[in-house]
Structure formats: C-alpha cells, structure tokens
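In: What follows is a protein structure lacking sequence information:
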C-alpha cells in the first residue's frame with residue numbers, strides 16, 4: 001500500500017512541477033512582495049516572521065547538508081501565505097533567492113541562482129511542529145527543462161510580535 005501511495009505521490013509531483021513552474025511563483029508574489037533583495041538584517045514590513053535552517057539531500061546514512069536558507073513569511077490567512085528568502089551552498093559557490101506560496105501543507109515556489117540565468121520551480125510538502133517551532137519539508141525541484149531532484153529543508157521559524 002505504501003509503495004502505491006509513493007508512486008501516486010511521485011506521479012502527482014511530476015505532473016504538478018511543470019504547472020508550478022509555469023505559474024512563476026515569484027512573479028505572483030511580486031504583486032505583494034516588493035522586488036528587492038532579501039537581507040537578513042532588514043525586516044520587511046509585510047513579514048509575520050522568519051525561517052532559518054538548512055537544505056539537504058538524503059542518503060543512506062541520513063541527511064547530507066548542502067547549504068543554508070533564510071526567509072521571511074507572511075500569513076495571509078491561517079496557514080496560507082507567501083515567503084521570500086535567500087539560499088547559499090555550504091561551500092559558498094552558489095547562492096540565490098527563492099519565493100512562493102504555501103497552502104497548509106503544500107508549498108509552491110520558484111528559485112534563481114545569483115549571477116546566472118539558471119532558475120527553476122519546486123513543489124513540496126510541509127510539516128509544521130508548533131511545539132518546538134520547526135518545519136520539515138520535502139520538495140521536488142526542477143532545474144532546467146528535464147532535471148528533477150528531491151531536497152529536504154530542516155528549519156525553525158520565529159513569529160514576530
């Protein structure tokens with residue numbers, strides 16, 4: 001039963017990724033979020049909180065941490081809202097921005113790579129833990145037209161008062 005559900009979920013992701021990429025998540029967000037680079041020291045007026053953590057690749061021994069992420073989020077209604085942030089690889093060779101929308105346990109978004117025309121979209125599942133203020137996410141990410149890979153995010157979040 002689990003294998004059938006996993007195959008079904010992957011099938012939905014493979015169909016949904018091109019749809020999410022064609023939505024151009026950040027362009028939708030640009031109507032609400034100013035098109036300025038995110039800086040960790042400057043809190044945007046629209047932000048309800050921030051997210052900090054790492055993104056990783058899963059292997060046989062656990063997670064291999066690839067880099068860090070930082071984002072601001074805005075809850076539009078309940079667990080529906082948008083986010084905009086920055087990412088950087090651990091070796092410092094790659095960095096960029098990402099932005100998108102979340103709908104309860106589903107996230108849609110778009111990312112870019114600084115100094116390059118390369119970008120891509122992602123769709124993922126979120127798990128919120130309100131007790132210890134953490135978010136665990138798994139996303140199917142597109143890179144180019146045909147490359148897909150899975151990334152995990154392990155983050156904590158802060159709510160601004």
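Out: Nice, I can see it. Because the structure is a prediction, the values reported are computed rather than measured.
In: contact partners of stretch 56-63?
Out: Applying CB atoms under 8 Å, 6 or more residues apart in numbering, the contact partners of stretch 56-63 are 64-66, 149-154. All C-beta spots, glycine's among them, are computed from the backbone N, C-alpha and C.
In: Sorry, slip of the keys, the one I care about is stretch 88-95.
Out: With contact meaning CB under 8 Å, 6+ apart, stretch 88-95 is reached by 65-68, 86-87, 113-114.
In: so where's the longest strand in the protein?
Out: As assigned by DSSP state E, the longest strand anywhere in the chain is strand 62-77.
In: Provide the strand pairings for it, with the direction of each partner.
Out: Partners of strand 62-77 in the sheet, by DSSP bridges, are strand 49-59 (antiparallel), strand 80-89 (antiparallel).
In: Which positions within it qualify as buried?
Out: 66-74 (16 or more other CB atoms under 10 Å).
In: just how off-centre is that strand within its chain?
Out: 6 Å (CA atoms, centre = their mean, to the nearest Å).
In: how much space between the most centrally placed residue in the chain and residue 124?
Out: By CA atoms, centre = their mean, the chain has its centre lying nearest to residue 109, at 6.2 Å. Distance of residue 109 to residue 124, given as CB to CB, to the nearest Å: 8 Å.
In: same question, residue 135
Out: From residue 135 across to residue 124, the span is 11 Å (CB to CB).
In: who touches both of those two?
Out: residue 153.
In: out of those two, which sits in the more crowded spot?
Out: Taking other CB atoms under 10 Å, residue 135 and residue 124 do not tie; residue 124 has more neighbours (22 against 18).
In: contacting residues for that one?
Out: Contacts of residue 124 (CB under 8 Å, 6+ apart): 106-107, 137-140, 153.
In: Just the buried residues of the residues you listed.
Out: Judged by 16+ other CB under 10 Å, buried ones among the contacts of residue 124: 107, 137, 139-140, 153.
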